[in-house]
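K.L.:
coords please:
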Amino acid sequence: MNDTWWQSAVVYQVYPRSFADSDGDGIGDLRGVIQHLDHLQALGVDVVWLSPIYASPHDDNGYDISDYQRIDPLFGTLDDFDELLAGMHERGIKLVMDLVVNHTSDEHPWFVESASSRDNPKRDWYWWRPPRDGAQPGEHGAEPTNWGSFFSGSAWQLDEQTGEYYLHLFSRKQPDLNWENPEVRDAVYAMMNWWLDRGVDGFRMDVVNFLSKDTALPDGVVPTGGLYGDAYPFFAQGPRIHEFLHEMHERVFAGRDDRYLTVGEMPGVDIAEARRFTDPARGELDMVFQFEHVDLDHGPGGKWDHRGASVLELKRNLAQWQEGLAEVGWNSLYWNNHDQPRVVSRFGDDGEHRVASAKALGTVLHLLRGTPYVYQGEELGMTNVPFDTIDDFRDIETLNHYAEAVDLLGEPADEVLAALRRTSRDNARTPMQWTAGPNAGFTTGEPWIAPNPNFTEINAEAARSDDDSVFAHYRALIDLRHRSRAVAVGGFELVLPDHEQIFAYERSTADESLLVLVNLTGDVAQYDDAALPGWGDARVVLSSGGAAAPAGLTGSLRAWEAVVLQR
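P.N.:
So this is what the prediction gives:
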């Protein structure tokens, strides 16, 4: 693979609704982002991925888009967007838009037309099907298939007016687009080109591996105790997905310069598929988001069924992806985003060792081969939230799961709440913690969701003035990636592979080698210097220990200690 700019870049995700509110309505907006660009510049990031700001009814917080070429008034105007884009470019930061084209809002004009009659010219822009043979519309079991929605309930919604059902893998207000129809693809590519012509620097594409469905739409196997069939084999990595993504590359990006970044979110994708999607010779995507490492703590019942993930499991999985995409393809590296609980509460220690474990987890991630992503607040070590009751949550997936689990399945409410506190997407969506002042400095109004009460101690103002903060460590990690070719493009080798506490690996080029040693537990971890030959005289270039940084190999790491050596 030839060197490209994004191999040494770091991306920062802004979730605008929760980032900063400039007008006191309690909802973050574009002018709020503009006001905090200096924070991003101080951190040293190269790219901002902006979650959806398009016109939307906000059934799924903007991932239900009703107009791709209009800014939602909640967030501001197109002029605000242009000012934000210019402010980023002035600071050397690129802007990547979130692109949601597996589905639209049911309030998008395309769907309104599609639903207006069975013979409307846009009828085939979405997946419409009659009831099952012999069933009446609306009857239990009349749905065209037994597929379930990611947001609970059936993946089919009856349209009373036309007597047919439409497919929605997510909310019923998020009907799936039919990518088999070339008119749909033409419209999407035209919209993407419009944004690139406006100056944006690429796209992060939501569930992009779901675009191609098995057109037979067969029933899935219903798991034991389940309500719906497993439809994943019929809508993920579908028969034409590589064709569609290559066509998108040719119609949108080919012939433009190489400043653009294309990232595909791909739930369930494996290493072999990821290699194909990100092989530069195929002309599809630059990198993918995969989910294996953040699914390790999911039990047989899925994301709400928690099981512990060991250090061995975590490092072996990440190492598999490092090795699998070593020669072909590229990794997106992330712990956090708008859909994941906070990593310091998940794989770290958000109590006594919050700062140390946040630094340790950041070190492991940022020095791997791939492009690291920082989610807003991660650089402060923000934690999960002590939600008190179901009324404290706002996320549609969370609220639907609670209703189904408690009301339909009869699960104990306190047990369901415990699972929500651990795993809900709302853990990532509480306001960015800027100051110790009212509402964490996020808004002068009533915030759309309450801030985490710990904002009085965990906030950007405090972190930026503390040389030993999580923020300072993240800044050092980002700087090291910018300076070191070994971090950006070097090879990867897992060392101490069977150590149950330490995640250790080497990154090297012909001219430089780094050894990364991280204790991912709250106990002291011993290791054998002899298992690390050639590193005895190496110097420490980065340590999470601040003033207590070691001079070299010591044979042990303190709780959650991270050390990086260079030779």
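K.L.:
Could you check how far S66 is from G522?
P.N.:
Distance of S66 to G522, given as CB to CB, to the nearest Å: 47 Å. For the C-beta atoms, the positions are set from N, CA and C on the backbone; glycine is no exception.
K.L.:
Between these two, tell me which one has more neighbours.
P.N.:
Shown here are S66 and G522; by other CB atoms under 10 Å, S66 has more neighbours (21 against 16).
K.L.:
Pretty sure that one sits against V112.
P.N.:
No. Contact status for S66 versus V112: not in contact, 9.2 Å apart, counting by CB atoms under 8 Å.
K.L.:
Which strand or helix spans D186?
P.N.:
Assigned by DSSP states H and E, D186 belongs to helix 182-198.
K.L.:
which residues are in contact with whatever helix or strand comes next after that helix?
P.N.:
Where DSSP H and E defines the elements, the next helix or strand beyond helix 182-198 is strand 202-205. Residues outside strand 202-205 that contact it (CB atoms under 8 Å, 6 or more residues apart in numbering): 49, 94, 96-101, 192, 195, 259-265, 285-286.
K.L.:
Partner strands of strand 202-205, with direction?
P.N.:
strand 94-99 (parallel), strand 261-265 (parallel) (DSSP bridges).
K.L.:
The helix or strand just after the shortest one versus strand 261-265: what angle between them?
P.N.:
Note on strand 261-265: by DSSP H and E, the next helix or strand toward the C-terminus is helix 271-278. Using axes from the mean of the first three to the mean of the last three CA atoms, to 10 degrees, the direction of helix 271-278 lies 150 degrees away from that of strand 261-265.
K.L.:
Apart from its chain neighbours, what residue comes closest to K213?
P.N.:
F235 (4.7 Å; CB to CB, 6 or more residues apart in numbering).
K.L.:
Check what pLDDT that neighbour gets.
P.N.:
On the pLDDT scale, F235 is placed at 97.
K.L.:
Could you do A547 as well?
P.N.:
On pLDDT, A547 comes in at 69.
K.L.:
I'd like to know which of the contacts of strand 202-205 are buried.
P.N.:
When the contacts of strand 202-205 are checked for burial by 16 or more other CB atoms under 10 Å, the buried set is 49, 94, 96-101, 192, 195, 260-265, 285-286.
K.L.:
Helix, strand or coil: sort out F170 for me.
P.N.:
Secondary structure state of F170, per DSSP: H, G, I helix; E, B strand; the rest coil, is coil.
K.L.:
And for V252?
P.N.:
Going by three-state DSSP: V252 is helix.
K.L.:
where does the nearest residue to it once chain neighbours are set aside sit relative to L30, distance-wise?
P.N.:
Nearest residue to V252, sequence neighbours excluded (CB to CB, 6+ apart): M192, at 4.7 Å. For M192, the distance to L30 (CB to CB) stands at 20 Å.
K.L.:
repeat for F151
P.N.:
Separation of F151 from L30 (CB to CB) stands at 27 Å.
K.L.:
What number of neighbouring residues does D388 come out with?
P.N.:
10.
K.L.:
whoops, A254 was the one
P.N.:
10.
K.L.:
Touching, it and Y260? I think so.
P.N.:
No. A254 lies out of contact with Y260 (CB under 8 Å); the separation is 10.5 Å.
K.L.:
Dead centre of the chain: give me the residue that sits there.
P.N.:
Closest to where the C-alpha atoms of the chain average out (CA atoms, centre = their mean) is N337, at 4.0 Å.
K.L.:
residues touching the residue nearest to V252, list them.
P.N.:
By CB under 8 Å, 6+ apart, the contact list for M192 reads L99, F203, M248, V252.
K.L.:
Please apply the same query to D124.
P.N.:
By CB under 8 Å, 6+ apart, the residues touching D124 are S114, N178, N181.
K.L.:
Save these as CSV, and put in pLDDT too.
P.N.:
As requested, the contacts of D124 are arranged in CSV below (pLDDT from 0 to 100):
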residue, pLDDT
S114, 98
N178, 98
N181, 98
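K.L.:
Return the member of these nearest to G24.
P.N.:
Relative to G24, the closest of the contacts of D124 is S114; by CB to CB it sits at 38.4 Å.
K.L.:
Contact partners for the residue nearest to the closest one when sequence neighbours are not counted?
P.N.:
Residue nearest to S114 in three dimensions, not counting chain neighbours: K122, with 4.4 Å by CB to CB, 6+ apart. Going by CB under 8 Å, 6+ apart, K122 touches W110, E113, S114.
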